[in-house]
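Q: Here you go, sequence then predicted model.
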Amino acid sequence: MFILLHIEVEDLSNFFSKLDIKLKRGKNAILLVWKFWHSLIILKCRLTACSYLFFHDCTYLISYKYMKNHKITEVLRQKVKQLLRHEELTEINLLRWLKSYNFDVDLCAGVIEEYVKNRNCLGLNDDKFYEDFYNQPEIKHYYNVFKQSRLEYDWINALDNGLVFVEMCPKSASTTAQLIRTGQFLFAFFAWSEYMLRMILQRERETSQRSYAVCIFDMDDAGIWQFANPNGPINRLFESRVKLATAYYEELLSKVVIMNPPRMLGLLFSIISWLLPRRIIGRFHFVNNAEEASKYISIDAIPIELGGKKVFDVSGSSNGSIIPGKLPNMNVLQNGGIWEKYNINNVQYENVFVHSKQSFTRELCVEKNKRLLLYEFHASRAFRIKLTNEKGDYLLPYLYMNTTVLSEEGEVKIKLEDGRINLEIRNESILFAMKLRIAYKFIE
């Protein structure tokens, strides 16, 4: 049985792009290839001069997959519609979550609930925060340490409708790890990712096409040896970032194009393989020049400094990245700064060993007239910290983290109605015990 359809090829391409179908053109045929769950289905469709396409009976599988995805996203939408903002409930965005978690709706809904609690805890659900994004103190500090471009809504990769940005390696890994704490770094990256997500959702509304984040990673003048130690401070910092990105934003990133790579590609690939999950390594591409990069990013979206045509009106450098400020030695952070801030001496620390996949726990009672909880801790392994009130609200973000050369420290505003506060620090290592040094104190 044959089915006769009359459809413009361009329209067909747009339709199939939404269904993750790749078109391969031939002289007199179009080869349709797409993944149908765990099977690979291939249809060869003859294209006549008058743009008629002839399909076999299995054409119904296209609509079946579309309806199946639509049904699954609708189930997820009903589960999370009270959690996500209205603009985040689009079919495209919900499919991002589902793809990240193998279409497990219940798992996906649980992760989204955790994601929203973390976002609310950090104040990243407030629209006003993004109105003056680059003047927020935490974001300014991040850009003083790392070399990265600002997000621009009209900086678009014409090949996939993605928003392009440039990032560069820090020149001194050891110094960088002394300028920013893991918590500060993750807050800035979380906020940046939310800002990017808002732009992408806006782009999708305006173009009716899926959009992505597209990274140009410029390794010009990067010292690769400083990243050679997997357990070095800078790699532990980036590992925390990768865990956050893959938990909440894995399907937002379409590709990373690495330009000006070092000669020791084997070492670089080993570092990338250690930091990244295997399932996304295929999105990383090494290129030597703009011509090679143009296979992945349109030439007009590649900065002029890198051989493309993109010119910036206002920027720190011609590749689009902002040049970090020159931070004097006094800006190098020290451990215990939170106690100095409040003139607290003779701090009592606990030193404990936490076995693999076990937790350090404490129940803290909020005392009358005490409005701040100060804390400082350093852990020798990757961990997750959970600080919750009696309602289960997060008072600190519940994220995968590492402490580097700097301890994690800060203050949390406390309300009397928070009641008993539960503290849990979980060792994420499956093999090794974790050394934990911690102090905390309520003050007025």
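A: Perfect, I can see it now. Numbers count the residues shown, from 1 in each chain.

Q: hey, where'd the helices end up in this structure?
A: Listed in chain order, the helices of the chain (DSSP state H) span 9-17, 60-80, 91-100, 105-121, 127-131, 137-145, 173-176, 182-207, 233-248, 265-275, 278-281, 290-293, 337-341.

Q: avg pLDDT for the second one?
A: Think helix 60-80. In this model, helix 60-80 has a mean pLDDT of 72.

Q: how about stretch 80-91 as PDB, C-alpha atoms only?
A: Only the C-alpha atoms of stretch 80-91 are listed here, as PDB (Å, rounded to 0.1, in the frame of the first residue of the first chain):
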ATOM      1  CA  VAL A  80       4.600  19.700  37.300                       C
ATOM      2  CA  LYS A  81       2.200  22.500  36.200                       C
ATOM      3  CA  GLN A  82       2.100  23.900  39.700                       C
ATOM      4  CA  LEU A  83       5.900  23.900  39.900                       C
ATOM      5  CA  LEU A  84       7.200  25.400  36.600                       C
ATOM      6  CA  ARG A  85       6.400  28.800  35.200                       C
ATOM      7  CA  HIS A  86       3.800  28.800  32.400                       C
ATOM      8  CA  GLU A  87       6.400  29.500  29.700                       C
ATOM      9  CA  GLU A  88       8.400  26.500  30.800                       C
ATOM     10  CA  LEU A  89       5.500  24.100  30.200                       C
ATOM     11  CA  THR A  90       5.900  24.000  26.400                       C
ATOM     12  CA  GLU A  91       6.200  20.600  24.700                       C
END
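
Q: can you pull the buried residues of it?
A: Neighbour counts over stretch 80-91 (16 or more other CB atoms under 10 Å) mark 80, 83, 84, 88, 90 as buried. Any C-beta I mention is one placed from the backbone N, CA and C, and that applies to glycine too.

Q: Let me have the helices of the chain in JSON lines, extended by distance to residue 360.
A: Below are these laid out as JSON lines (distance: least, CB to CB, whole Å):
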{"stretch": "helix 9-17", "distance to residue 360": "49"}
{"stretch": "helix 60-80", "distance to residue 360": "32"}
{"stretch": "helix 91-100", "distance to residue 360": "30"}
{"stretch": "helix 105-121", "distance to residue 360": "20"}
{"stretch": "helix 127-131", "distance to residue 360": "32"}
{"stretch": "helix 137-145", "distance to residue 360": "27"}
{"stretch": "helix 173-176", "distance to residue 360": "28"}
{"stretch": "helix 182-207", "distance to residue 360": "17"}
{"stretch": "helix 233-248", "distance to residue 360": "19"}
{"stretch": "helix 265-275", "distance to residue 360": "27"}
{"stretch": "helix 278-281", "distance to residue 360": "31"}
{"stretch": "helix 290-293", "distance to residue 360": "47"}
{"stretch": "helix 337-341", "distance to residue 360": "19"}
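
Q: among the ones you listed, which is nearest residue 420?
A: Nearest to residue 420, of all those, is helix 105-121, at 18.0 Å by CB to CB.

Q: who's in contact with that closest one?
A: Contacts with helix 105-121, where a contact means CB atoms under 8 Å, 6 or more residues apart in numbering, come from 72, 75-76, 79-80, 83-84, 97-98, 100-101, 125, 190, 194, 247-248, 393-399.

Q: and residue 154, which of the helices of the chain is closest to it?
A: Using CB to CB, the helices of the chain put helix 182-207 closest to residue 154, at 9.7 Å.

Q: got the angle between the closest one and helix 233-248?
A: Between the axes of helix 182-207 and helix 233-248, defined by axes from the mean of the first three to the mean of the last three CA atoms, to 10 degrees, the angle is 40 degrees.

Q: burial measure for residue 169, as a count.
A: Residues lying near residue 169 (other CB atoms under 10 Å) number 21.

Q: List the residues that contact it.
A: 147, 219, 222, 223, 227.

Q: Ok, residue 87 next?
A: Per CB under 8 Å, 6+ apart, neighbours of residue 87: 201, 205.

Q: Name the nearest residue to residue 248, sequence neighbours excluded.
A: residue 115 (5.1 Å; CB to CB, 6 or more residues apart in numbering).

Q: mind saving the C-alpha coords of stretch 198-218 as CSV?
A: Output in CSV follows, covering the C-alpha atoms of stretch 198-218 (Å, rounded to 0.1, in the frame of the first residue of the first chain):
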residue,chain,number,x,y,z
ARG,A,198,14.7,32.3,29.6
MET,A,199,16.3,33.6,26.3
ILE,A,200,16.0,30.2,24.6
LEU,A,201,12.3,29.9,25.6
GLN,A,202,11.7,33.4,24.3
ARG,A,203,13.5,32.5,21.0
GLU,A,204,11.3,29.4,20.7
ARG,A,205,8.1,31.3,21.2
GLU,A,206,9.1,33.9,18.5
THR,A,207,10.5,31.4,15.9
SER,A,208,8.3,28.4,16.6
GLN,A,209,11.5,26.3,16.4
ARG,A,210,13.6,24.6,19.0
SER,A,211,16.6,26.6,20.2
TYR,A,212,19.7,25.6,22.1
ALA,A,213,22.8,26.9,23.8
VAL,A,214,25.9,26.8,21.6
CYS,A,215,29.3,27.2,23.1
ILE,A,216,32.6,28.3,21.5
PHE,A,217,35.3,27.3,23.9
ASP,A,218,38.4,29.2,22.9
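
Q: So which bits of it are buried?
A: Quick answer for stretch 198-218 (16+ other CB under 10 Å): 198-201, 203-204, 210-218.

Q: With stretch 123-135 instead?
A: By 16+ other CB under 10 Å, the buried positions in stretch 123-135 come out as 124, 129.
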